[in-house]
Every structure is written in C-alpha cells, then in structure tokens.
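[1] sequence first, then the predicted structure:
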Amino acid sequence: VMRISDAIAKKTNARAPNCVLGTVQLMEITSSSAETVDHFAKQTLRSLFTQELDMVFRKHMNILRLLFDHYAGISRGFPTPTMLLREFMSLLGDLEAYDTEFKLRHGSSAFSYGLVLRIDDNLGRMGAEMKFTEFLVALGFVIRYRKGWSKELYAELVEDFFASKVADLVNELQTAHPWALSRRKVEDKSDQRMDAWIRNFFRRVDDDGSQTLDTREFRQMCGSDEGRKKFATFGVDAHHIQSLFSEMDVDGDGVLSADEVVLGVQNAVRAELVNEKAAAFLRFAFAEADVDNSGDVTLDELRSKFTEKECQEKLLRLGLDVQDIDQFFVELDVDSSGAISLDELLVGFSRFRDPGISGDPALDLALEEVFFPELQMVGKSEAFKLLQQPAGTKMLRMFDFGKVEDFNEVLNDLFEMYEVASQEKLGKKPFLLGFYHAKRAVDLRRIVARNKRKNGKSGSPLHSAARASIIAKEKIAEQLTFTPDASTTISGDSRSPHDSFEAG
C-alpha cells in the first residue's frame, strides 16, 4: 500500500512527493470497492454462520478434517497444522470446484475471506496461513462464489458440494494413498451403531422368544431408562417412538419384527433431523424479516421476506406452500396482537406443513437435477434414461439408494400410483410428492418379504404386499385434491388437481 501511495504521490507532485497525500488519494480511489467487498463479506458471513449451515458442516466434519490434514503442508513435504494459499488452490483444482461463475481468481479471495486477521499478523508468517476453522469458512465462500447461490438455498448447495465433490475426492485419495489416510476413518457408522443397538435391545426385551415385540414389550423397550437415554442420543424422544407402533407394523400382524423397528426408528431420526433443519431456516428467515429487531414480525415484514422468490422456493422444499401471505399471517397470529413471534411461526409451520413432502431440500434438489434438468414434465421411459446419466449415478451414491435396479422399482411404483399411461408425463410437483410415497412403499414391501422368508409367516400375503402402495395412493389423492395449485396436475393443463388425478 505504501509503495502504491508513493507512486501516486510522485505522479501528482513530482517535485515534492508526499506519501501521506498519496495514501489519502489511494483511499479515495479504493473506498467504493472496499465498501462493496465489505458488504459481500458481511452478507456471506451472516448467511454462513447459521444453525442450518452448522448442521451441514458438522455432518461432514470427518471428511473435511481429513481433506485439510492431507493438503496442509503438502507443498512443504511434511504435515502442518496450517494451510498455505498454494495448497488451498491445489485442493480447489483437485475438487474441480471452478464453474462458470467461480473463477481461478476467486479462489485466492475465498482464502483471504477465511483468514481471521490478528493485530500482530504482520510480524510473522501466520497471517498467510490458514487453520482448520478458517478453512471451513473459506469453503463457505467457495460455495458462495459458485453458480446458482442464494442465501435461502445455501445449506442445500453446501450439502451437495460436500456429498459429491468432497466425498469423491476423499474416496480417490483413499484409493491412491491408503497409508496416508488410514489414521482417520471416513465412513459414518452412526446408522450401523443404531441398527446394532436396536437389534441387541430387541432380543433382550423379547422375553417370550418369539422374535417379535407386542405392544407390551415395545412399551418396555421405549419406557426403560436405557431406551430413553439411547433414543435421546439418536436425537428422538422415546415417547414419540412409542406412539409409532401401528405405523411401524407394516405387515399388519399386530407385532413388530426387528427389521420393522430398525426402519421405523431410522425414519423417525431422519424426520427429526429434517424438522431441526426446517426450524433452523425459519429462525434465519424470521431474523431477516424482523428488520427493526423488535423480536416480533408484522404483516408487512413477513410479506416482504416470504414473498421473495428464493424464500418461497425454500419453503416449498420444506413442505410449506404459502399462497396467501395475509391469510397465513392471520392463522399464525393466534393472540391477535398484530405481530407474530418466532414460536408462533414454528408452531404454524408444524400445523400447515405438507406431510407428503420429504422436507429434505438436498434430496429434492438432487431429484430435480436428475429428472427435470431442462424438462417441465417427464415420462416413465425418460425417467429411466435420465437415471443412467452421471447426475443419476451421483444421486444414487449421495443418498445411498443402492443399485439402479433398486431405484427402478421406486420409479415403477411412482408411475403406477398415478396410473399414468405410457405416453403421459408427470410434472415436477406430483413427481416429487409421489416419489417419497413410492420409496416408502418399496422399503416396506421389502421388509414384509424379508419377514416372510425369515419367519415363514405374514399377516395376509396379498394384503401385506399391497397395503403400503394403497395407503400411498390414498395419501396422494387426498393431498392433490386439497392442494390449491394447478401445477400439481399431471398433464400440466388447467384441470383441477382432483380431476387430473382421477383422469390419471
């Protein structure tokens, strides 16, 4: 800065260069740019330091730490606790992070934004070296620069980047350098631990040795001190699990197998995680809407925030379709105070959220990228072809859907639920709505078949095999009938959702 100031001073006053004058002129030249940079940084950090983003980073912390440890010091030939700019740039190149908007020059900017400046940084090298926590912030800025960013979809974009690009690179490094990465485990074994504990506890509370749990034994499992504490570590309440007995009993025989309990608990845990993510976003949106920091949001403030395109898109992904903001506000304002609190917003979300929507925005985004890249509607044969594309195989890997053949069964169920003819197509919203019901129906059918093979019994074989699909059809029909949105029609015309479902 001083050298530039000196050059400016010499240009303006060659006979008596004044470095102070040059510095003042430099500040005047750069002040508008500096304000733009400052605004960009503050806006990004406000969006990044949220509970919703924190949950995503924590989920992938293991592979992020492994990646940092591998690249920190790689240019110096030995591991170090800090990362240099050239090492960070090498990492971005290996991640293939650059796209049409995130250019090479933005990589060094992301590195700089990640650094936390300290008073004495100019006295040593530490000001140019990045610690792990600073590395996480820098990655947040990388995704901020990439194409398609919005603050409402920030969490989904980070999730997608970590689950695809970061995970792929870690897998490649493990294959190429197994000795270097063997000291840290990458795979998340939480589901395996949950599965093992449930099956072990299942055998202990199955006091009649029937390999099934009746309502009394299931209450004992959920009501014991061990059960309450363990379910709490999984992130769910034991009383809530206990209330799901009939829903877990997918084959309708009045008892639960170990497979049914495992699937039911896993679904409850995922649903709870989705609810936490939704609540985190609503807190963020509420804070954005509360411009006067009063702790409450008026109708005008709510309208200003919730009518933003990105916010409405995120709410739809979470299962909340707000067509009439004024009426929505009236429903939320239970005490008729003319303003709503955060608690009222969270309660209202639970009341009005569409239970047919998965509530997993990252999965919604992946499904849209695979099946609706440029199409408004998709047919059965098109869906099978799109699944074979790179985006399809990436989605199968990211969300542990198994093989293509397994996923094809879900697609078959999806189109059969709507009774779509071979030449007809589905729009985006009915496709997404039907997908989650079809996926659940397939999962339940597999459990029924597994129970039958294992125990040689089932409720009624025909009833067991068809029950899940019939329930799913009824739910879809009900939700399409009462969803006041023409975009749910199958053919995309102006018929009512009910008519379009009946016409198939």
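    Great, that's in hand.
[2] gap between Asp292 and Gln43?
    Look at Asp292 and Gln43: by C-beta to C-beta, to the nearest Å, they are 19 Å apart. (C-beta placed from N, C-alpha, C; glycine too.)
[3] helices of the stretch 201-350 of the chain, start to end?
    Remark: helices assigned in the stretch 201-350 of the chain by DSSP state H, counting those that start in this stretch are 215-223, 225-234, 238-242, 245-248, 258-289, 299-306, 309-317, 325-332, 342-352.
[4] can you tell me which of these the model trusts least?
    In terms of average pLDDT, helix 238-242 trails the rest of these, at a mean of 72.
[5] so which elements touch that one?
    Helices and strands touching helix 238-242, by 3 or more C-beta pairs under 8 Å, 6 or more residues apart in numbering; DSSP states H and E, are helix 215-223, helix 225-234, helix 258-289.
[6] where does Ile198 sit, in terms of helix or strand?
    Taking DSSP states H and E as the definition, Ile198 sits inside helix 190-205.
[7] now that helix: buried residues?
    Neighbour counts using 16 or more other C-beta atoms under 10 Å place Met194, Asp195, Trp197, Ile198, Phe201, Phe202, Val205 of helix 190-205 among the buried residues.
[8] I'd say the third one and Phe231 touch.
    No. Look at Trp197 against Phe231 with C-beta atoms under 8 Å: they stay out of range, at 9.8 Å.
[9] would JSON lines of the helices and strands packed on helix 238-242 with mean neighbour count be doable?
    Below are the helices and strands packed on helix 238-242 laid out as JSON lines (neighbours: other C-beta atoms under 10 Å):
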{"stretch": "helix 215-223", "mean neighbour count": "17"}
{"stretch": "helix 225-234", "mean neighbour count": "15"}
{"stretch": "helix 258-289", "mean neighbour count": "19"}
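[10] and which of the buried residues of helix 190-205 is nearest to Ala279?
    Met194 (22.4 Å; C-beta to C-beta).
[11] was I right to think the closest one contacts Phe234?
    Yes. If you go by C-beta under 8 Å, Met194 and Phe234 touch, sitting 5.9 Å apart.
[12] what do these two both touch?
    Overlap of the contact sets of Met194 and Phe234 (by C-beta atoms under 8 Å, 6 or more residues apart in numbering) consists of Val265, Val269.
[13] Ile63 and Lys165, how far apart?
    Taken as C-beta to C-beta, the span from Ile63 to Lys165 is 11 Å.
[14] neighbour-wise, which of those two wins?
    When Ile63 and Lys165 are compared for neighbours, Ile63 comes out ahead with 21 against 16, by other C-beta atoms under 10 Å.
[15] please name the nearest non-neighbouring residue to the more buried one.
    Closest residue in space to Ile63, ignoring its immediate chain neighbours: Val170 at 4.9 Å, by C-beta to C-beta, 6 or more residues apart in numbering.
[16] elements contacting the strand or helix carrying the one you found?
    Val170 is part of helix 167-176, with elements assigned from DSSP H and E. Applying 3+ C-beta pairs under 8 Å, 6+ apart, one finds that helix 167-176 contacts helix 61-71, helix 178-181.
[17] redo these as TSV? Include mean pLDDT.
    As requested, those are exported to TSV (pLDDT from 0 to 100):
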stretch	mean pLDDT
helix 61-71	90
helix 178-181	58
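[18] identify whichever of those helices lies nearest to Ala278.
    Among the helices and strands packed on helix 167-176, helix 61-71 comes nearest to Ala278, with 21.6 Å by C-beta to C-beta.
[19] please state the offset of that closest one from the chain centre?
    20 Å (C-alpha atoms, centre = their mean, to the nearest Å).
[20] what comes up buried for it?
    Neighbour-count burial for helix 61-71 [16+ other C-beta under 10 Å]: Ile63, Leu64, Leu66, Leu67, Phe68, Asp69, His70, Tyr71.
[21] how close does the third one sit to Phe135?
    Read it as Leu66. Distance of Leu66 to Phe135, computed by C-beta to C-beta: 12 Å.
[22] and if you look at the fifth one?
    From Phe68 over to Phe135 the distance is 5 Å, taken as C-beta to C-beta.
[23] which neighbours do those two share?
    Shared contacts of Phe68 and Phe135 (C-beta under 8 Å, 6+ apart): Met83.
[24] next, the angle helix 61-71 makes with the helix holding Val170.
    For helix 167-176 against helix 61-71, the angle by axes from the mean of the first three to the mean of the last three C-alpha atoms, to 10 degrees is 60 degrees.
[25] so which bits of helix 167-176 are buried?
    Of all the residues in helix 167-176, those buried under the rule 16+ other C-beta under 10 Å are Ala167, Leu169, Val170, Leu173.
[26] how about stretch 50-63?
    The neighbour-count check on stretch 50-63 (16+ other C-beta under 10 Å) flags Thr50, Glu52, Leu53, Val56, Phe57, Lys59, His60, Ile63 as buried.
[27] could you pull out the helices in the stretch 51-200 of the chain for me?
    Along the stretch 51-200 of the chain, counting by DSSP H, counting those that start in this stretch, helices occupy 51-59, 61-71, 85-95, 104-114, 132-145, 154-161, 167-176, 178-181, 190-205.
[28] which one of these lies closest to Gly77?
    Nearest to Gly77 among these is helix 85-95 (11.6 Å), distances taken as C-beta to C-beta.
[29] any chance you could list what contacts that closest one?
    Defining contact as C-beta under 8 Å, 6+ apart, one finds that helix 85-95 is touched by 67, 71-75, 98, 104, 107-108, 110-111, 128, 130, 135, 138, 142, 165-166, 169.
[30] in PyMOL, how would I select the buried members of those?
    Buried members of the contacts of helix 85-95, defined by 16+ other C-beta under 10 Å, are picked up in PyMOL with:
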select buried, resi 67+71+72+73+74+98+107+110+111+130+135+138+142+165+166+169
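[31] which helix or strand in this structure has the lowest average pLDDT?
    Least confident helix or strand of the chain, by mean pLDDT, DSSP states H and E, is helix 497-503 with a mean of 35.
[32] for Thr298, list each beta-bridge partner.
    Ala339 (DSSP bridges).
[33] what pLDDT does it get?
    91.
[34] re earlier: when Asp292 and Gln43 are compared, which one has more neighbours?
    More neighbours surround Gln43 than the other of Asp292 and Gln43, with 12 against 9 (other C-beta under 10 Å).
[35] where does the stretch 401-504 of the chain dip in pLDDT?
    401-403, 419-423, 433, 436-437, 440-441, 443-504 (pLDDT under 70).
[36] and the helices of the stretch 51-200 of the chain, which one is worst for confidence?
    The minimum mean pLDDT among the helices of the stretch 51-200 of the chain belongs to helix 178-181 (a mean of 58).
[37] before we move on, back to that, same list (the buried residues of stretch 50-63) but as JSON lines, adding distance to Leu91.
    Putting the buried residues of stretch 50-63 into JSON lines (distance: C-beta to C-beta, whole Å) gives the following:
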{"residue": "Thr50", "distance to Leu91": "25"}
{"residue": "Glu52", "distance to Leu91": "25"}
{"residue": "Leu53", "distance to Leu91": "20"}
{"residue": "Val56", "distance to Leu91": "19"}
{"residue": "Phe57", "distance to Leu91": "17"}
{"residue": "Lys59", "distance to Leu91": "20"}
{"residue": "His60", "distance to Leu91": "15"}
{"residue": "Ile63", "distance to Leu91": "13"}
